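**Q** got a structure for you, letters missing:
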């Protein structure tokens, strides 16, 4: 299978785990990594970014067992954006009908454990130099995994304090597509679908919209996906403004589900 061959050759593979394996993540209601719990019949392959260092963090490949499209989903680039990495943890539990999803739930795991935006090396999402090598070992390791996956789509999950177009510089409730592929039309269609299916009419201020197109003008992960890979990608931003964390997580997961569906990766037991 193309995807598994690429990952085995190009990334640091730590083996594979079956449902119920212990990954050493924390449990309970506090911020911090939580162990994914895949369905009993699901096998997920796992590897690690920056193995043997304090920045070591696992990634998971959820596969259908059949050839098909590939997505990369990233959470925890900013360690205090809980809804992004909680949704990514849930995506690592999915079963998919075609292709595969490579999930990095806690990209900046030190920052996630500290519940802080930045890790020891600063803001991870400002370290992806366009047209060159990322600036830090962690950013380079994450980028190598993304490139090795040869993805059809990359989805980066974040959370903002306010609402895009309403609260100044804050960018919540918006989907920011790359210039590549059909990412712009995907963002429009998914925003409309989630608004219709999940956002109550009484919460009109929280309706999703498409943000500006990301063309490679900033050293951010999705900008680099756009410019250097010429690949469809979407930066997903939820808001914490009058929105509880459980709802943020649920809506983030729904958005990811619909984005991947538009690339031919269907979740079994879809929530929409």
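**A** In hand now; what should we look at? Small disclaimer: the values here were computed from a predicted structure and weren't measured. Residues are numbered from 1 along each chain as shown.
**Q** pLDDT weak spots in this structure?
**A** Across the chain, the ranges flagged by pLDDT under 70 are 1-29, 39-43, 271-272.
**Q** As a check, name the ranges of all helices in it.
**A** 2-10, 82-91, 109-114, 137-149, 183-198, 221-224, 245-261 (DSSP state H).
**Q** tell me what the shortest one is packed against?
**A** Helices and strands touching helix 221-224, by 3 or more CB pairs under 8 Å, 6 or more residues apart in numbering; DSSP states H and E, are helix 137-149, strand 153-160, strand 232-239. Using the backbone N, CA and C atoms, a C-beta is placed for each residue, glycine as well.
**Q** looking at the ones you listed, which is closest to residue 184?
**A** Relative to residue 184, the nearest member of those by CB to CB is strand 232-239, separated by 9.2 Å.
**Q** ok, that closest one: who's next to it in the sheet?
**A** strand 153-160 (parallel), strand 174-177 (antiparallel) (DSSP bridges).
**Q** could you check the angle helix 137-149 makes with that strand?
**A** With axes from the mean of the first three to the mean of the last three CA atoms, to 10 degrees applied, the angle from strand 232-239 to helix 137-149 works out at 130 degrees.
**Q** what's the offset of strand 232-239 from the middle of its chain?
**A** Between the centre of strand 232-239 and the centre of its chain there are 9 Å (CA atoms, centre = their mean, to the nearest Å).
**Q** what's the answer for stretch 122-136, then?
**A** A distance of 17 Å separates the centroid of the chain from that of stretch 122-136, by CA atoms, centre = their mean.
**Q** neighbouring contacts of it?
**A** 77-78, 107-108, 111, 117-118, 121, 138-140, 142-143, 216-221, 223-224, 227-228 (CB atoms under 8 Å, 6 or more residues apart in numbering).
**Q** Can you give me the buried ones in it?
**A** Of the residues in stretch 122-136, 124-125, 127-128, 134-136 count as buried by neighbour count, 16 or more other CB atoms under 10 Å.
**Q** Any chance of those residues in TSV with distance to residue 243 as columns?
**A** Shown next, in TSV, are those (distance: CB to CB, whole Å):
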residue	distance to residue 243
124	24
125	22
127	29
128	28
134	32
135	33
136	32
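**Q** show me what contacts the residue of the chain most remote from its centre?
**A** Seen from the C-alpha centroid of the chain, the residue lying at the greatest distance (CA atoms, centre = their mean) is residue 202, 28.4 Å away. Residues counted as contacts of residue 202 (CB under 8 Å, 6+ apart): none.
**Q** Correct me if wrong: residue 70 contacts residue 154.
**A** No. Proximity of residue 70 to residue 154 does not meet the contact threshold set by CB atoms under 8 Å, at 9.9 Å.
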